[in-house]
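# how would this look folded up:
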Amino acid sequence: MENVLDSNSLELMKVFEQRTGAKVVDVVDDGMTVVFIVEDGQIGRAIGKQGSTLAKLREVFSPKNVEVIEDALDARSMIDKTLRGAVIRNVEQNNNSITISVDPTTRGIAIGKAGSNIKKLKVALKRKFGIEDAKIL
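A predicted model of the protein is given here:
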């Protein structure tokens with residue numbers, strides 16, 4: 001799925017890349033949160049040791065929140081990368097919707113603080129693969 005980037009998105013990507021050294025493949029800015037999708041294997045560089053780089057980025061882009069997600073070739077791989085730490089039991093895709101079944105003991109990890117993981121996953125799945133909705137059970 002190909003997306004067109006406007007000048008604001010290109011500027012966001014430039015600042016991110018200059019500050020992190022990580023290559024951005026896409027960015028989504030909804031006005032409150034900026035979700036950067038970085039090249040496969042570059043999530044560590046983008047986040048930094050103990051989240052130090054991400055914390056600095058949040059200061060730069062304040063008052064907007066900043067989230068980072070790793071690129072993937074397919075939806076399942078993106079889910080696995082984004083929900084790392086959660087035990088995923090099953091993923092079912094039905095048209096433009098995905099249902100993710102996780103072990104109840106790791107459901108909180110999958111959802112993230114204040115829903116941050118599922119929110120950024122939904123944004124990335126819609127942008128990259130045209131999936132309109134994702135639910136965690």
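# pLDDT value on Ile79, please?
Per-residue pLDDT puts Ile79 at 95.
# which element follows the helix or strand harbouring it toward the C-terminus?
In this structure, Ile79 is located in helix 75-82 according to DSSP states H and E. Downstream of helix 75-82, the next assigned helix or strand under DSSP H and E is strand 88-94.
# list the buried ones in that next one?
Of all the residues in strand 88-94, those buried under the rule 16 or more other C-beta atoms under 10 Å are 88, 91. (Glycine included, C-beta is placed from N, CA and C.)
# same check, this time on stretch 123-137
The neighbour-count criterion (16+ other C-beta under 10 Å) identifies 123-129, 131, 134, 136 as the buried residues of stretch 123-137.
# quick check, nearest of those to Ile98?
Nearest to Ile98 among the buried residues of stretch 123-137: Ala134, at 4.6 Å, using C-beta to C-beta.
# is that closest one in a bridge, and if so with what?
Beta-bridge partners of Ala134, counted by DSSP bridges, are Ile98.
# please enumerate residues in contact with the helix holding Ile79?
43, 69-72, 88, 91, 93, 98, 100, 117, 120-121, 124-125, 128-129, 131, 134 (C-beta atoms under 8 Å, 6 or more residues apart in numbering).
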